[in-house]
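Student: Okay, here's the prediction I keep looking at, along with the sequence it came from:
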Amino acid sequence: RLEHIKSLLTELVDWEVFQVNPAFGLKNLPEEDTQKFIPLDSEERIKLREYLYLEHYQFYIYCITIYYTGIRPDEILSLRIKDLDFKTCTLHLDPFSNVVKNKKERRKAVHTKLMRFFEQMDLDQYDPSWFIFSKDFKTGPFTQHRKVATELWKKLIWDQLGIEKYLYSLKHTGADDLIAAGISEDFVKDHLGHSSKFMTRRYTQKGIEASKKAVIDANIEF
């Protein structure tokens, strides 16, 4: 695709629309490592759950937030207390945040089991503008860089547990579980914010609410 753009711009240079080809020197983006998307198997999940829950509880909550919500790891680190709505079981993703993938208003369904963990964090005791996962993945006033989570995941999961899966695999583990639980593929795609050329229809508000309810009450557990 990039080559097509370069060719087109070269023609415009020939026609003296541009003096130089603005795409000159651009390289194709590297292909994504498919290993990032391989879900955890049942044995790996048990090892990870038992270890993190007992030894690194706050990081455990951060990890299962990826699993249950399908939100990207860096987007989760940008979540503030005020973004969490306990009444509707939803998280608001700020479209003006630097880490949000697209700049559209998004509200993500939060599974009831994850909501219980948030409730236990006593978030109402803190300033609503504080980040849910700040330093050491505890609630605090400062944001934390994605590399902190990536490096801790490598240290704990790759090096100590010997599970050679990426942090991002938690998102796809959750997606697989939703489908296995009987949630329609369209609902799961909506929940994860995925799009593809095969998705031709847009959700009505009723459809979006139906998908949220299905995700919130799905019979899954990490």
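Tutor: Happy to help now that I have it.

Student: From E164, how far out is the closest residue to I61 other than its chain neighbours?
Tutor: Excluding its sequence neighbours, the residue lying closest to I61 (CB to CB, 6 or more residues apart in numbering) is F117, at 5.1 Å. Glycine gets a C-beta too; all of them are placed from N, C-alpha and C. According to CB to CB, to the nearest Å, F117 and E164 sit 27 Å apart.

Student: Quick check on these two: which one has the bigger neighbour count.
Tutor: F117 (16 against 12; other CB atoms under 10 Å).

Student: Next, the more buried one: secondary structure please.
Tutor: Per DSSP: H, G, I helix; E, B strand; the rest coil, the secondary structure class of F117 is helix.

Student: ok, it to D159 distance?
Tutor: 26 Å.

Student: L48 too?
Tutor: Distance check for L48 against D159: by CB to CB, it reads 13 Å.

Student: okay, those two: which has more neighbours?
Tutor: Of the pair L48 and D159, L48 is the one with more neighbours under other CB under 10 Å, namely 23 against 11.

Student: Off-centre distance for the helix or strand containing that one?
Tutor: If you go by DSSP states H and E, L48 is part of helix 42-55. Remark: helix 42-55 is offset 20 Å from the chain centroid, using CA atoms, centre = their mean, to the nearest Å.

Student: do stretch 77-93 as well
Tutor: With CA atoms, centre = their mean as the basis, stretch 77-93 stands 14 Å off its chain's centre.

Student: Show the end-to-end separation of that stretch, please.
Tutor: In stretch 77-93, first residue to last residue: 11 Å (CA to CA, to the nearest Å).

Student: Show me which positions of that stretch end up buried.
Tutor: For stretch 77-93, burial by neighbour count (16 or more other CB atoms under 10 Å) applies to 77-81, 83-84, 89-93.

Student: just checking, which of those residues belong to helices?
Tutor: L77 (DSSP state H).

Student: Please identify which pair of the buried residues of stretch 77-93 lies farthest apart.
Tutor: Across the buried residues of stretch 77-93, no pair lies farther apart than L77 and C89, at 20.7 Å, counting by CB to CB.

Student: now the chain, which segments are flagged as low pLDDT?
Tutor: 1-37, 95-105, 194-211 (pLDDT under 70).

Student: got the residue ranges for the strands in this structure?
Tutor: All strands of the chain, identified by DSSP state E, fall at 84-85, 90-93, 106-109.

Student: And those strands: which comes nearest Y68?
Tutor: strand 106-109 (8.9 Å).

Student: list the buried ones in stretch 122-129?
Tutor: In stretch 122-129, counting by 16+ other CB under 10 Å, buried: 123, 126.

Student: Ends of that stretch, what's the gap?
Tutor: One end of stretch 122-129 to the other measures 14 Å (CA to CA).

Student: And that stretch, how far out from the chain middle?
Tutor: On CA atoms, centre = their mean, the centre of stretch 122-129 falls 23 Å from the chain's centre.

Student: residues making contact with that stretch?
Tutor: Residues outside stretch 122-129 that contact it (CB atoms under 8 Å, 6 or more residues apart in numbering): 80-82, 84, 132, 139, 141.

Student: farthest-separated two in those residues?
Tutor: The widest separation within these (CB to CB) is 16.3 Å, between L84 and P141.

Student: tell me which residues of stretch 135-148 are tucked away?
Tutor: Across stretch 135-148, burial judged by 16+ other CB under 10 Å covers 137-140, 143-144, 146.
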